[in-house]
Every structure is written in structure tokens, then in C-alpha cells.
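>>> What shape does this take:
(one chain, ligands or ions: 1)
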Amino acid sequence: MTYDISTIGEGQIRLTCYKGERLINAQQLRATAACSEANVSGLLSQLGRSTCWASVMPKGDLTDRVVNEFRSVGVDVSHICMKPEGRVALYFMEPGEYPMPARVLYDREHTPFRDVTVEDLDWEALLDTRLVFVTGITAALTENTAAVVRHFVDEAHRRGIAVALDVNYRSLLWGPEHAREVLEPIARMSNIVFCSVRDGKAVFGIESDGEQACRELRELFGVPTVVSTDQINGVYFSDAERGDCTFPVVQVPVIDRPGAGDSFVAGTLHGYLGGDVVQGIHYGQRTSAYALTHYGDLTRVSPSELNIPPNTDILR
Ligand SMILES: O=C(O)C(=O)C[C@H](O)[C@H](O)CO
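Take a look at the predicted model:
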């Protein structure tokens, strides 16, 4: 197999206000690359996994800005379909300082990725992998992107390749009924599903909390493993063979929040690929805590940092 994990998603540029400014009057914005699936690939690459992220992007400097960020950490970007023209998706963010909530504004209409077709991508290359990773963000964008996600999962399933789904419900992109209609069949074909307690309630009508919510999601999808996060309340794990358990969350100071969820997923998948998903949850808790400490959706870590528990005084 060429890859440990391969995935598809829309490369974007995030433009973020500096602390103490609002989008309505900001004079400067910080530009960083974004894409949930590429963030997961990028972190796994840094941990030594071979990863591939495919997309459809227009040729030009802004695409290079995005693609180079993920290439620089070792993600194979050679299967991105480059279109001669078009625009790059943007998202604007106001980080929000308590009591002001964070705000996201998407500017991602009319991008070539929205018109992706099955013919745009090299499926033999993308399916030469141990694990296919998809998210509800890409499934949410258009009928075309949903069809491509579905094709990827169907083909993986047909070939006996494991599938991981991160539900990652974005209420700015679609409604809960539509999300359920598209994502439930994909979840049923998955080997491991990430679904927060919040998304379980909003999309799948799960009323309970904690371990029980996680178990109900696993029973609903009929899958081997579900991992549910619930902000600072806990991480819940339900597994057909290993049972259910809860992992407490250590709160850390937040410099920049986006990408922390992707880092958790990547750390967990690192363990999953190594044959121990519970160890993966410990990795995920570390990588997501580190993600909060620096700017950008893509978390920067080295494999040695994975073994340092957060908050350890390394000078001791
Ligand atoms: O929200 C999206 O569509 C993204 O993929 C952009 C970000 O990288 C993502 O939200 C961080 O998880």
C-alpha cells in the first residue's frame, strides 16, 4: 500500500483577525492554510504516516499558498486536480475573546471544488491506502462533493479498505436533516466514526450524554467503534469489543482554536493505524492540546512531542 491514509477536501485560506479586532474594522488579517481533511493528513505525516490529500483547486498563487503548507509537512499533494482557472475558497474568522463568541464567515461559493466529478480524481491512486478518511464538511458542500465522498466510501467498502468518518457538522453549510440523510449511510459503512455529543444531538437525534450517547451512536450506525468528544467534559469511546469508557479532558490555555478537533482525530487515527485506538485517544488528547497553543489550522508537532504529557516541565 502506498498510503496509510488518503482523503479529499477543499483547500482554503483562513483570514483571521488579530486579538482585540473585529472583522468589521480589522486592518490586518493573518493568512493560513485550511482544510479539515488536509489538517488530519498533515498531522499524521508529521507522525511518520504516509498520507495523501486530494482536492480540486485553480492554478495560481493562492492555491500554491495552501498546497505548499500541507506539502511542507509531507502530505502527498500530487493527486490534486488543478483547473486552469477559478477562485480559492476563503474563510474569515474573528477569534472572539470572552464574552464575545468566535465567528466564522465562509466565502467558498463558485470554487472548482464544488463542481468536482468522479472523473476529476485518480481513484486507483487514492484507494491504494490502508484507510480512507472523509468528513461531513466535504459531504455538505454540493451534490457533486457529496457524490464524490460517497463514491470514495463505496469503493473503499467494495475493496475492503477501512473507512473513518468525522461527522464534523457545520450548521453554516447545511441543515441537520440533510446532514443525517447524507451521513448516516456513510457512517454505516465506516469502521470508526468521530461524532461529538453536540453533533449526535443535532444531526442524529441522540438525547443522552457521555458514554451513553457514544454507545447509542455506535448502535445506530452498527459500526465497531465510535469516538465522541464533548468539549471540556470528556472524550467518550464505545467499541464493540472493548466496551465503553470515558477519558477526562485537561484544559489548556487557548491561543488558536481551529484545527484542534482535526488534531484529535489525527492522533486517534495514528493509534488506530498502529492497532491500538485507545492509545490513539491519548495521542489525540495530546495533539489537540498542542493544537490550541499555536496559530493555524495545521498543528505542528514532532513525533517526540507525542510522548510528552501536556503541561510537563521539560526542563526538569
Ligand atoms: O471548516 C472547514 O470547512 C474547514 O475545513 C476549515 C478548517 O481547517 C477546519 O474548520 C478546522 O477544523
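>>> Nearest residue to the residue in the stretch 201-316 of the chain that the ligand sits nearest to in space, please, no chain neighbours.
Residue nearest to the ligand within the stretch 201-316 of the chain (C-beta to the nearest ligand atom): D297, separated by 3.7 Å. From N, CA and C alone the C-beta is placed, and that goes for glycine too. Spatial nearest neighbour of D297, excluding adjacent residues (C-beta to C-beta, 6 or more residues apart in numbering): G259 at 3.6 Å.
>>> and that neighbour, how many neighbours does it have?
28 (other C-beta atoms under 10 Å).
>>> Enumerate every residue touching it.
34, 39, 291, 296-299 (C-beta atoms under 8 Å, 6 or more residues apart in numbering).
>>> how much space between whichever residue of the stretch 51-200 of the chain sits closest to the ligand and D230?
Ranked by C-beta to the nearest ligand atom, the top residue of the stretch 51-200 of the chain for proximity to the ligand is I137, at 4.4 Å. Separation of I137 from D230 (C-beta to C-beta, to the nearest Å): 20 Å.
>>> Who has more neighbours out of these two?
Neighbours per residue, other C-beta under 10 Å: of I137 and D230, the larger number sits with I137, 21 against 18.
>>> Which secondary structure state is assigned to that one?
helix (DSSP: H, G, I helix; E, B strand; the rest coil).
>>> these two touch, right, it and Q12?
No - here I137 lies out of contact with Q12, judged by C-beta atoms under 8 Å, at a distance of 10.1 Å.
>>> what residues does stretch 228-237 touch?
With C-beta under 8 Å, 6+ apart, stretch 228-237 has contacts from 194-198, 200, 209-211, 213-214, 217, 225-227, 238, 244-249, 251, 261, 264, 277-278, 281, 284-285.
>>> Please list which of these are also close to the ligand.
G261 (C-beta under 6 Å from any ligand atom).
>>> Next, the buried residues of stretch 183-197.
183, 186-187, 189-197 (16 or more other C-beta atoms under 10 Å).
>>> can I get these in CSV with pLDDT and secondary structure?
Shown next, in CSV, are these (pLDDT from 0 to 100; DSSP: H, G, I helix; E, B strand; the rest coil):
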residue, pLDDT, secondary structure
L183, 98, helix
I186, 98, helix
A187, 98, helix
M189, 98, coil
S190, 98, coil
N191, 98, coil
I192, 98, strand
V193, 98, strand
F194, 98, strand
C195, 98, coil
S196, 98, coil
V197, 97, helix
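>>> Between which two of these is the distance greatest?
Maximum pairwise distance among the buried residues of stretch 183-197 (C-beta to C-beta): 22.5 Å, between M189 and V197.
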